[in-house]
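[1] the following block contains a protein sequence and its predicted model.
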Amino acid sequence: MPTWLKKQMQRAYFEKNRYQIKLLNECWFYYSKIHQS
């Protein structure tokens, strides 16, 4: 996981920002899917 994404995640969890957590999870899922193939 890239550093910028980790930081965004930590901030979202810290602020308990459900919408942002969901968005970042989808972003990470998409990102990891691209980089696996």
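    That came in fine, so what should we check first?
[2] what about Leu24, how many residues nearby?
    Using other CB atoms under 10 Å, Leu24 has 19 neighbouring residues. All C-beta atoms are positioned from the backbone trio N, CA, C, and that covers glycine.
[3] gap between the residue most central in space within the chain and Gln36?
    Nearest to the mean C-alpha position of the chain, counting by CA atoms, centre = their mean, stands Leu24 at 3.0 Å. As judged by CB to CB, to the nearest Å, Leu24 and Gln36 stand 18 Å apart.
[4] what is the burial count for His35?
    7.
[5] that one is in what secondary structure piece?
    helix 18-36 (DSSP states H and E).
[6] pLDDT (mean, whole number) over that helix?
    Average pLDDT, helix 18-36: 90.
[7] quick check: closest non-adjacent residue to Met9.
    Nearest non-adjacent residue to Met9, counting by CB to CB, 6 or more residues apart in numbering: Leu24, 5.5 Å away.
[8] distance of that neighbour relative to Ser32?
    From Leu24 across to Ser32, the span is 12 Å (CB to CB).
[9] same deal with Ala12?
    18 Å.
[10] higher neighbour count, those two?
    Per other CB under 10 Å, whichever of Ala12 and Ser32 has more neighbours is Ala12, with 18 against 10.
[11] helices or strands next to the helix or strand where that one lies in the packing?
    Using DSSP H and E, Ala12 sits in helix 3-14. Counting contacts by 3 or more CB pairs under 8 Å, 6 or more residues apart in numbering; DSSP states H and E, helix 3-14 is packed against helix 18-36.
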